[in-house]
Each structure stands twice: as C-alpha cells, then as structure tokens.
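[1] got a predicted structure plus its sequence, pasted below:
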Amino acid sequence: MKPSNIQFFNFPISLTKADYLKARSDVLEQLSGLKEMGSLFSFGTLAHSISHPGISDLDMVLVVDRMPALLKEKIDAIFLTDKRRRYIFNEQGPVFINKECFGSIQEIFITPRFDYEMGERIDVDSRQGQSSDLSRLALTICLLVRMILRPNVYWSTGFVNVREALKLLHSQKHNMAEMAYFGYSYPRGEVLLEDIMRLRRDWFSASSDQRQERLVHLLRENININRQMIMDLSRWMDQKGFQATLKGIRTPITLELNERTTLLFSDKLWEQRPRMSLDVKNMKLPEYFPGVCHRKMHLTRWNVVILPEVMAAYFIIFSFFASPISALMQKRFSTDFGPSDEGQLPYHDEFLKQINIYDRYWHFLTQNHLPVSLSPLINLFIINRPTTMSLSQKSRFKMWKYLTDMNRCRAFQEMEAMGRGPWRGYVHE
C-alpha cells in the first residue's frame, strides 16, 4: 500500500525537554501529597534521556504493598487530567506492581534500569544463567508478536497511528539486544535503527510527504527483519529442546490472546505467508461515515498472526503447570494437550520459578482491576475492561463486543475453511 492510500492519525506534537521535565516535576509534587503513595520509579525515556521531545513518552512504575481504595483514581487524576501531561505520559498513569513481585521483576521484565523517584528504595534482583535465557525469550516472543501485529493492522485497515508506529519501530532496539544475547546479529537491522532514530530526530523539520513516506518504508523494512529474527529464535528454541515438547500434539495450534488476536502456529503457513498473518476481511462501514468512525471500526478487527510451530512450545510449557496463569493459557488454546512429564520439559525449574512470580502478579492485577502490567506476557492476556460504565458506555461496549465477536467468527471460519487444523468447530464456542 502506498502512503497516498493510507490515512495517518495521532501525529506527534511539538514539545521541548522543558515540557517533559515540568510534567515530571508537577507529577512528583502532587504525588507527594498522597499518604497512600508507595515507591515510584521511572524507566525507559526518563531513566536515560529525553531524546526526542514530542515523540518520546515518560514511563513510571508505582510499587505498592497493597492497593488502597480509590488510589488508582487519584493517581489517574494527577497524570491524566492535564492534556499536555496526558500526552507526555502516553495516555496512561504509572504501571502498578505489588512490592513482593517488584524485587523479582527482572525475571519477567527486562529493562536496563529503574531510576528511583520517591518513596521507599527497593532493590531489584538480577537475572542469571538459564533464568536470564527464559526471561529474554519471553520478552522477545511477545515483542515480535506485537511487531507483526501492528503493521498488519495498518496495511489491512489503511489507518496508521503515527506516534504508535514511531514508538513500535524504536522498540526494535530491544529485540536487537535480546537477539544479540542469543548469538545473532543483524547488520541490516543496525542500519534500520539508525534510519529510525534519524526519522524521529527530523520529524518536525521534514515535510509531511517525506516523513510519511519514510515511516511506511521503515515499517515495511522492519517486517523483513522481524521475519529473520523469528526464524533465528525458532532455531535457538529447537536447539534447546523446545521442539520435543510438541511430540504427539496435533498441529497447527491456535492460541487466543486478549487484543482481538489469535496466534496460529503452523510451519506450512509460515513458509507460505511472508507477511506472517492471515488476511481476514473486517466488517466495514459505508464510505459516507466520518473517518473517526472508520478508525474506531478497525479496533474491532480480529487478527491472526502466523508463527513457526516451535514457538507454540513456550506457551504450551506454561500451560502444563498447576497455577492460575497456566489455567488461563489452557483455556486459550484450541486443543487439549493432556498431562505432561514435567521432568522432561526444557528449563523446567526456571519456568516454575517464573510462573510463581506471574501468579502473584496476576492475582494483584485482577484483584485490583488493573488494565496493564510491566510484563509483556501478561499484557497479551489481561482483559482491559472498565469495572464501572455509564449507560452510554455500556451501549457502546455492547456494540463493540458484538462487532468484535462477528470478526472473530470470520477469522475462525477462514481457518476452518482451510481445513487443516484442530480448530474445526472452535469458532462456535
């Protein structure tokens, strides 16, 4: 698709470093007046530097022993009431995590560092050996899924969220770092990262046509690098014994996520589909509806991401254990894998250690109705649904759910029509 056929929205707005520093200062001042406050840390942009004002955002995490009543509402009021502050914090307040999990956060989330802002100082344990292998594997798989998903949504719907796309491309640096840990390098990817940084730096000085054309080019180029990364990561997983986990399991395999997405693990389709997705026709509105309605409509789209079969082993192993997070994954698979010999699983002890952390964090998030976590894996499954809604919100949510369910049926009917998988009949469940 050419840039001239794409509708771009959510453009970056011109800001200065001073705007970011003021937003941070104002937030810290207001938070200091909350007696329920826990410990606040920054990570990402603020923890390093504000390299691209107007494009970068600020990320913070709030560590609490417990969640007092209305704490999230008070925090959101501080972060999200002011329009500019809301933009700088990317439409969300801090990510919440319970104190008992934060000390072990490096087991399930990788970031170079957390910078202390206020409250109690808390040490974060470092990862070592096989534990590091597994946490890096989880992060890379989850990031690559998102890297495939978002551009395919852009191409299929004809709408590109500019700020989201710029942030997505920038996050490729994390994949590059993790793949280097696994022993793989990508000279072409290094060139791509340089181009991404140049585009972010020059965004406000380039012409509209130039920057949109460069953005589309980089998104397309990124797809090719992602595909190579997935093949290399699959090779590494095979060498580590993950493929043996699939013995006796009927393939292809599907795993349903929360963001209107199904992962389809099939070696045959992986070879056939360079775009790494299954094209499912979305329900459409008549052309005379305003553009904002069409953009909203694409949020009901159901997406099917295609991956090599060995990658299913990571999620399957998670489902073998007796834990809440494992039970959640079991429900999302299209087939029952039956009992397993846990002693034969690769990285068994490391999986068990991480699942214990995931379970505690999952319990904290669901008990307090929190819609986002620090863990990329949990974010694939957590349900972002408000606990209370007005009558008009309930009406809109019902319509959104109806359209999403219809598009979900279209996706599974498409897979069912292919006649090659254990999901036959699953579409009607």
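    Structure received.
[2] what segments of the stretch 201-350 of the chain are strands?
    253-256, 261-265, 277-278, 303-307 (DSSP state E, counting those that start in this stretch).
[3] least confident of those strands, on average?
    When the strands of the stretch 201-350 of the chain are ranked by mean pLDDT, strand 277-278 comes last with a mean of 82.
[4] can you name every helix or strand that it contacts?
    Packing partners of strand 277-278 (3 or more Cβ pairs under 8 Å, 6 or more residues apart in numbering; DSSP states H and E): helix 129-157, strand 303-307, helix 391-418. The C-beta positions use only the backbone N, C-alpha and C, and glycine is treated the same way.
[5] who touches that strand?
    Here strand 277-278 makes contact (Cβ atoms under 8 Å, 6 or more residues apart in numbering) with I148, L149, N152, L264, L269, N303, V304, V305, I306, A411, E414, M415.
[6] secondary structure element holding I122?
    Using DSSP states H and E, I122 is not contained in any helix or strand.
[7] how far away is it from P94?
    14 Å (Cβ to Cβ, to the nearest Å).
[8] got it, and K17?
    Relative to P94, K17 is positioned 21 Å away (Cβ to Cβ).
[9] would TSV of the helices and strands packed on strand 277-278 with mean neighbour count be doable?
    Below are these laid out as TSV (neighbours: other Cβ atoms under 10 Å):
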stretch	mean neighbour count
helix 129-157	20
strand 303-307	23
helix 391-418	14
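[10] lowest average pLDDT across those?
    Looking at those, the bottom one is helix 391-418 with a mean of 80.
[11] turn the helices and strands packed on strand 277-278 into CSV, columns for distance to S39.
    Converted to CSV, the helices and strands packed on strand 277-278 look like this (distance: least, Cβ to Cβ, whole Å):
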stretch, distance to S39
helix 129-157, 22
strand 303-307, 36
helix 391-418, 33
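[12] and the ones you listed: which comes nearest Q367?
    Nearest of the helices and strands packed on strand 277-278 to Q367, taken as Cβ to Cβ: helix 391-418 at 22.0 Å.
[13] and that closest one with strand 303-307, angle?
    40 degrees (axes from the mean of the first three to the mean of the last three Cα atoms, to 10 degrees).
[14] elements contacting helix 391-418?
    strand 261-265, strand 277-278, strand 303-307.
[15] identify the spatial nearest neighbour of D336, chain neighbours not counted.
    Closest residue to D336 apart from its sequence neighbours, by Cβ to Cβ, 6 or more residues apart in numbering: Q330 at 7.8 Å.
[16] ok, the one you found - contacts?
    Taking Cβ under 8 Å, 6+ apart, one finds S319, D336, F337 in contact with Q330.
[17] for Q7, grab phi and psi.
    phi -100, psi 120 (degrees, to the nearest 10).
[18] for it, give me its contacts.
    G158, F159, V160, G291, R295 are the contacts of Q7 under Cβ under 8 Å, 6+ apart.
[19] what separation is there between it and H294?
    From Q7 to H294 the distance is 8 Å (Cβ to Cβ).
[20] next one: D279
    18 Å.
[21] neighbour-wise, which of the two wins?
    H294 (17 against 13; other Cβ atoms under 10 Å).
[22] ok, the more buried one - contacts?
    Counting by Cβ under 8 Å, 6+ apart, H294 has contacts F159, K284, L285.
[23] what about 6 Å?
    L285 (Cβ atoms under 6 Å, 6 or more residues apart in numbering).
[24] next: F159.
    Contacts of F159 by Cβ under 6 Å, 6+ apart are Q7, R295, H298.
[25] what bridges to it?
    Q7 (DSSP bridges).
[26] tell me how the protein divides into domains.
    Here the domain parsing of the chain from automatic domain parsing is 17-118, 245-346+385-429.
[27] most tightly packed of those?
    Burial of those is given as mean neighbour count (mean count of other Cβ atoms under 10 Å); domain 17-118 ranks first at a mean of 18.
[28] quick one: distance of it to the chain centre.
    18 Å (Cα atoms, centre = their mean, to the nearest Å).
[29] use 55 as the first number for this chain going forward.
    Let's use 55 as the start, then, which means that last one is domain 71-172.
[30] pLDDT of it, averaged?
    According to the model, domain 71-172 has a mean pLDDT of 86.
[31] and it, how far apart are its ends?
    21 Å (Cα to Cα, to the nearest Å).
[32] swap in stretch 123-140?
    OK, stretch 123-140 end separation, Cα to Cα: 23 Å.
[33] rewinding a little: using CSV, lay out the domains of the chain together with distance to K221.
    Listed next are those as CSV, based on distance: least, Cβ to Cβ, whole Å:
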stretch, distance to K221
domain 71-172, 7
domain 299-400+439-483, 16
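[34] looking at those domains, spot the one closest to S186.
    Taking the domains of the chain one by one with Cβ to Cβ, domain 71-172 is closest: 8.5 Å.
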